[in-house]
Every structure is written in structure tokens, then in C-alpha cells.
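Colleague: Attaching a predicted model along with its sequence, questions to come.
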2 protein chains.
Amino acid sequence: MIPFPAINRLCALYRLLCDLQESGVERISSADLGKKLGVGAHNIRKDIAFLGVSSSSASGYDIKGLKQLISEKFEFNTEKKACIVGLGRLGTAIMERKDLCGGEFHIIAGFDSNINRLETISSSISLYPAYSITEVVRRLRIELAIIAVPACVAQDVADKLIDGGIKGILNFAPVIVKLDNKEIFIKNMDISGELRVLSAQIKNSIR
Amino acid sequence: MIPFPAINRLCALYRLLCDLQESGVERISSADLGKKLGVGAHNIRKDIAFLGVSSSSASGYDIKGLKQLISEKFEFNTEKKACIVGLGRLGTAIMERKDLCGGEFHIIAGFDSNINRLETISSSISLYPAYSITEVVRRLRIELAIIAVPACVAQDVADKLIDGGIKGILNFAPVIVKLDNKEIFIKNMDISGELRVLSAQIKNSIR
DNA sequence: TAGATTGTTAATCGATTAACAATC
DNA sequence: TAGATTGTTAATCGATTAACAATC
């Protein structure tokens, strides 16, 4: 079991490696990786150690190989199915994002409680009424969900998703969703909440 | 100086207190607060201790008083000016959010590099071309910024914002922005990146 | 007063940082 | 080989958890 902070950094590292590979770099040292990610070289090596490396040292890491290593550990190769609940402005904006529609992730379903709205949205993604969340998530074996509904219905939506067997949730509603199931992961993306944290940090840093 | 994890929890606590107050609750114990936030009662009391409490114990906290205490510590009473850079689908969706337009925060400016697009957007918020970011941020004394531009221009946008004297940034671009100024705070809201972290957690939790 | 709940100090836990021998 | 860089163990650091006396 890799500790969460390390998982976070390894994911950032993975993205960096993809970028580096695209710009044609082939090898890089832990010192340079650390510099680019804003962490110590120690930290990079420690994190990589969690992957259970076998091959060893000389002149930095082979980017392709390291990327492959992370990819295998976390199964980044297999495409993950995702869905969006709440097709208001934010939900549809996220649905349209290209980085969520190819490669690693694939948004294959959208849900909204307003049937009329479903008819007005033109999208290549299949749309369903909110009452069918549990059934559709289970049938299509959707692993990840993005919640973009008002705060007052977020918990209800999350419960339906969990009933359907969802594994991970990205929650844009400004509310803390209860899970009580340790096997399900959630990341809160509360925009106004994060602005509040930023302004608290700003105030806290003065003097 | 309050440690970051504590600031985070105090902000979540603040929101919870607002909700409780609205539902008419007047007093609550650290145990109950902890239950609602999913942390230990110890943790709640420790965090509150950072606020430098003077008054003391008996039967839980007075919600109004505690809210006031957090509010004063972090200056949540004074309205903070914010802006959005990048008025694509995501940027405009965020701009329209009601929870960002009243009360604590006030979005008073929107920027986009596409002048034609600026003309097509109808909004009560003042819109400006991207080249004027530094000037407008400085003139209007804007403290917070939300970046919703493509990854390739995010660093450039951040630099302009920092030149204008911005204090905090919420970054939706899937890229790590360099700050090198310790007085500026940033929170990354990389949607596909967070989905990747979730799927890594899911994989990591198995067995 | 007695019970409950706090504020605060001490103990535990885990992650980050440092150091260094092993290795290419 | 010599220099550079890793993998890994040990030391430090900080936050969380526990405990308990103080207090309403």
C-alpha cells in the first residue's frame, strides 16, 4: 500500500514524464525531476521505490521505462469508464473537455434530473434521467463519476452512484459527501470552498 | 502560523457552522462536529485552539461565536475581489456560479485572449482582453484569480497575474504552475489529473 | 454538586529529509 | 577507473491521536 501523498506525486510525475517524452527527452535524473515538480530529489527516489523497482542506478531514469512502471502499477493503460451527473453549465462544460474523452478516461454517460434539459443537449455521449443512475452505472460497469449538481442533492446522487458500484467520485458540489465505505474514494473540488482556503492562507501568511 | 491541514479543516468547519446556523442549531460539541466532518473530536479542538480561544468550556461551542472567531481570524467578513482568465465553456460556467458572485467573493473581471469571443459573451461582469491582465488586476486590486485556459498558456497567464499583484490562484489548467514567490498561493484543480489520482487509489487499494 | 466537555500537554504515528553505501 | 546517481536505511520533523486536569 503506497501512502496517499506518494500516489499524488507519482501521478504528477507520470504526467511530467508524458510531457518530457513528447518533447523528445529520453533520460532524466531524480534531481531534475524534483526541480520540475517542486519537490526534493530524495522524495522522487523514495516515491519511485514504492513502485518496487528492480533495475538500478547509473545515469538517471529512462523516461519510457519509468512511465511504463507507473502505468503498470496503477493500470493507467486500461481505459476507465466515467460518467457525469448534473448537466448544468459546469457539467456540460466538463463533459466537452477533450482530455476526458480519449485515452485514459472515457465519459460514456451523462445524467440529469431534468428530462427536458436532456433533450436540448446535443452530445455524442449517451444521456439518461437521474433516476436511472444506479441501473446504468451497474450495467455499463462505470468506475468513476463526476458530480456537478447543486449541494442539496449531492448526497443523494452519491448514494445512487455507490449503489451502482462506483469506485471513485470527483465532487464539484460544495458539500462534504459521506461515504462510510472505505473502498470508495472521493475528491472534493469545491470551487468557492477552495477560494476560501486560499484567502485564509493569504491572511494566515501575513506577519 | 496555522499549519495548512488545520486551515483546510477550519474552512470546512466554517462552512458546516454556516449550514448549522441556518438550520437553527445554536450549540454543538466537538464530538458532534467531528462526526459531521469525518475527523476526531481531538482534531476539532486542536484546530480551534489555533484560533487563540479565550473563553472556555462547559457544554459545547456556541455556533455563532465560533463562526465569528474563524471569520475574524481569516477575515472572511471582508469581500474578496476575484477574476477569471479564460472564458471558454469551463470559464464561463464558473463565472455564472451564484456562490461566487455574492457574499465572500465577488468576481469583478473576466479575461480572454480572443477579442471576438469577448463580444459574444453577455454578462454583468466586466470583460477584458488577456493582454490587459496585469494592468487591470493591479488597478482594481484583485486578490484571487481562477485560471481556466489551455495548459500551454497557463504559465504565461499566471506570470501576468502575479505581476499584477495577485495573491491566490485556482488553476484548472492541467499543468503545474511555477510560482517561486512564497507569498502567493495556488490550488490546482486539474480534473483529468484528479481522475487519474482516483483511479490510482482504486488500484492501490485492491489487495 | 456531579456530569460533561473543553483546552492543553504528552505520546504516537507517519512522512519527509538527510546520508551513504552500492552500482552503473 | 572515476564520477555520478541511484536505492535504502536512519534521523528529523510535524501532525494526529490520546489522555487528563481544568472548568463550566
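Modeller: Okay, I see it.

Colleague: can you list the residues of chain A near DNA strand D?
Modeller: Applying Cβ under 7 Å from any atom of the strand, we find that chain A lies next to DNA strand D at A:29-31, A:41-42, A:45-46, A:48-49, A:53, A:55-61. For every residue, glycine as well, the C-beta is placed using N, CA and C.

Colleague: mind redoing it with 10 Å?
Modeller: Counting by Cβ under 10 Å from any atom of the strand, the positions of chain A adjacent to DNA strand D are A:27-34, A:41-61, A:66, A:69.

Colleague: Assign the residue nearest the centre of chain A to helix, strand or coil.
Modeller: The C-alpha lying nearest the average C-alpha coordinate of chain A belongs to residue A:170 (Cα atoms, centre = their mean; 6.9 Å). On the three-state scheme (DSSP: H, G, I helix; E, B strand; the rest coil), residue A:170 is labelled strand.

Colleague: got the contact list for the longest strand seen in chain A?
Modeller: Using DSSP state E, we find that the single longest strand of chain A is strand A:105-112. Contact with strand A:105-112 is made by A:79-88, A:91, A:95, A:100-101, A:118, A:121, A:123, A:125-130, A:132-133, A:136-137, A:140, A:142, A:144, A:146, B:192, B:195, as judged by Cβ atoms under 8 Å, 6 or more residues apart in numbering or on different chains.

Colleague: Put the alpha carbons of it into CSV.
Modeller: Extracted in CSV, the C-alpha atoms of strand A:105-112 (Å, rounded to 0.1, in the frame of the first residue of the first chain):
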residue,chain,number,x,y,z
PHE,A,105,-10.7,8.1,-19.5
HIS,A,106,-13.9,7.8,-21.4
ILE,A,107,-17.1,9.6,-20.4
ILE,A,108,-19.8,7.3,-21.6
ALA,A,109,-22.9,8.6,-19.8
GLY,A,110,-24.4,11.8,-18.6
PHE,A,111,-27.3,12.2,-16.1
ASP,A,112,-29.7,15.0,-15.2
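
Colleague: list the buried ones in the helix or strand following that strand?
Modeller: Next along the chain after strand A:105-112, taking DSSP states H and E as the criterion, comes helix A:115-120. Residues residue A:118 are the ones in helix A:115-120 that count as buried (16 or more other Cβ atoms under 10 Å in any protein chain shown).

Colleague: Likewise for stretch A:52-68?
Modeller: Result for stretch A:52-68 [16+ other Cβ under 10 Å]: buried residues A:61, A:63, A:66, A:67.

Colleague: Pop the domain breakdown of chain A in here.
Modeller: A:4-73, A:80-194 (automatic domain parsing).

Colleague: quick one: the strands in chain A?
Modeller: Using DSSP E, strands in chain A cover A:27-28, A:61-62, A:80-85, A:105-112, A:126-129, A:144-147, A:168-171, A:185-188.

Colleague: ok now the fourth one, how far from the chain's centre?
Modeller: Mean-position distance between strand A:105-112 and its chain equals 14 Å (Cα atoms, centre = their mean, to the nearest Å).

Colleague: quick check: angle from that strand to strand A:80-85?
Modeller: When axes from the mean of the first three to the mean of the last three Cα atoms, to 10 degrees is applied, the directions of strand A:105-112 and strand A:80-85 differ by 20 degrees.
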